[in-house]
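K.L.:
Sequence and computational prediction follow.
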Amino acid sequence: MKMGGRMGSDRVKLKGLTVIKIFAEKNYILVSGSVPGFNGSIVYIQK
């Protein structure tokens, strides 16, 4: 029987998020919309 639970280490791709601003001196990228993952996790951005 399938039941709800944690997805574990599954990778999730999202389309349609837009980059609002890039702070090169602080290595920040501001993205509009929700990004999956926990706070402080690494996010890979592809073109």
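P.N.:
Okay, I see it.

K.L.:
Which residues does stretch 28-42 contact?
P.N.:
Val12, Leu14, Gly16, Leu17, Thr18, Val19, Ile20, Lys21, Ile22, Phe23, Val43, Ile45 (Cβ atoms under 8 Å, 6 or more residues apart in numbering). C-beta here means a position set from N, CA and C on the backbone, and glycine is covered the same way.

K.L.:
same check, this time on stretch 4-24
P.N.:
Contacts of stretch 4-24 (Cβ under 8 Å, 6+ apart): Tyr28, Ile29, Leu30, Val31, Ser32, Gly33, Val35, Pro36.

K.L.:
Please flag which of these sit within strands.
P.N.:
Tyr28, Ile29, Leu30, Val31, Ser32 (DSSP state E).

K.L.:
Neighbour-wise, which one of those residues leads?
P.N.:
Val31 (15 neighbours; other Cβ atoms under 10 Å).

K.L.:
Kindly provide the distance from Leu17 to Tyr28.
P.N.:
With distances taken as Cβ to Cβ, to the nearest Å, Leu17 is found 15 Å from Tyr28.

K.L.:
again, but for Ile42
P.N.:
Ile42 is 14 Å from Tyr28, by Cβ to Cβ.

K.L.:
now do Pro36
P.N.:
18 Å.

K.L.:
can you pull out the strands in this structure?
P.N.:
Going by DSSP E, the chain shows strands at 18-23, 28-32.

K.L.:
pLDDT at Met9, what is it?
P.N.:
That one is not Met; residue 9 is Ser. Here, the pLDDT recorded for Ser9 equals 69.

K.L.:
hmm, back to that, may I see the strands of the chain organised as CSV, with mean pLDDT and distance to Gly5 added?
P.N.:
Below are the strands of the chain laid out as CSV (pLDDT from 0 to 100; distance: least, Cβ to Cβ, whole Å):
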stretch, mean pLDDT, distance to Gly5
strand 18-23, 92, 32
strand 28-32, 89, 28
